[in-house]
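Asker: One predicted model, sequence on top.
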Amino acid sequence: MKALIIIDMLNDFYTGVLQNQAHAARIVPVIRDLIDHARGRSDWLVVYSNDAHRADDAEIAVWGPHAMAGTRGADVIDELTPIGAPREIVSPKRFYGAFDETGLDAIFKEFGVTDVVVVGQHTHCCVRHTSYGAFIRGYGIEIPADGVCVFDGVDNEAAIDYLRTIYGATITDSATIIAADIAKAA
């Protein structure tokens, strides 16, 4: 079982207070394709790992108020919004990593997840911390390089290389992931 983990494709990170639309818009079609593929398979979970902050969260001191729980800024962008499909999980987070105090690992164990595909924002931060969480829990990690991005001024290639060299992530692209999955099922 695989899990597609979609990190922080939220209004506040797209057009809101920490907007990154110039970079994030490029990965939206890629993530859309992966979501559509995963929803059509019985051996995939689709996980939306979304910042949903409270005023006293540690990240607020670093980044300022963003993606505050219950606000439009904490909602997934319209192009990728969850639809409540079977095997679709919305997992609010208050820290960078998708596994930190979210219960996601227990859900993955319940479903028999062995591998994760991590996409979204930001390769050097939340994607990195999520990959670390997957690494220490023994999940195989795939990063489609066409499905992750960073803020201006951050080297995306260096962030991807870190995931490869430090966490043993397989760096690939979305088309290869989809094609390999279809071939495996044939």
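Answerer: Okay, I see it. On a predicted model such as this, the values are computed, not experimentally measured, just so you know.

Asker: distance between stretch 145-164 and the chain's centre?
Answerer: Remark: stretch 145-164 is offset 13 Å from the chain centroid, using C-alpha atoms, centre = their mean, to the nearest Å.

Asker: got the buried residues for that stretch?
Answerer: Buried positions in stretch 145-164, judged by neighbour count with 16 or more other C-beta atoms under 10 Å: 145-151, 156, 159-160, 162-163. Any C-beta I mention is one placed from the backbone N, CA and C, and that applies to glycine too.

Asker: Looking at those residues, spot the one nearest D43.
Answerer: G147 (19.4 Å; C-beta to C-beta).

Asker: Distance check, the closest one against W63.
Answerer: G147 is 23 Å from W63, where distance means C-beta to C-beta, to the nearest Å.

Asker: ok, back up a step: reformat the buried residues of stretch 145-164 into TSV and put pLDDT, secondary structure and distance to A169 next to each item.
Answerer: Below are the buried residues of stretch 145-164 laid out as TSV (pLDDT from 0 to 100; DSSP: H, G, I helix; E, B strand; the rest coil; distance: C-beta to C-beta, whole Å):
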residue	pLDDT	secondary structure	distance to A169
A145	98	helix	10
D146	98	helix	14
G147	98	helix	12
V148	98	strand	11
C149	98	strand	16
V150	98	coil	16
F151	95	coil	20
N156	97	helix	14
A159	98	helix	11
I160	98	helix	8
Y162	98	helix	9
L163	98	helix	4
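
Asker: From these, pick the one nearest I136.
Answerer: Closest to I136, out of all of those and judged by C-beta to C-beta, is L163, at 13.8 Å.

Asker: so the closest one makes contact with H129?
Answerer: No - L163 is not in contact with H129 according to C-beta atoms under 8 Å; the separation is 10.8 Å.

Asker: As CSV, the buried residues of stretch 145-164 with distance to S49 would be great.
Answerer: Shown next, in CSV, are those (distance: C-beta to C-beta, whole Å):
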residue, distance to S49
A145, 19
D146, 19
G147, 14
V148, 13
C149, 16
V150, 17
F151, 18
N156, 19
A159, 17
I160, 19
Y162, 19
L163, 16
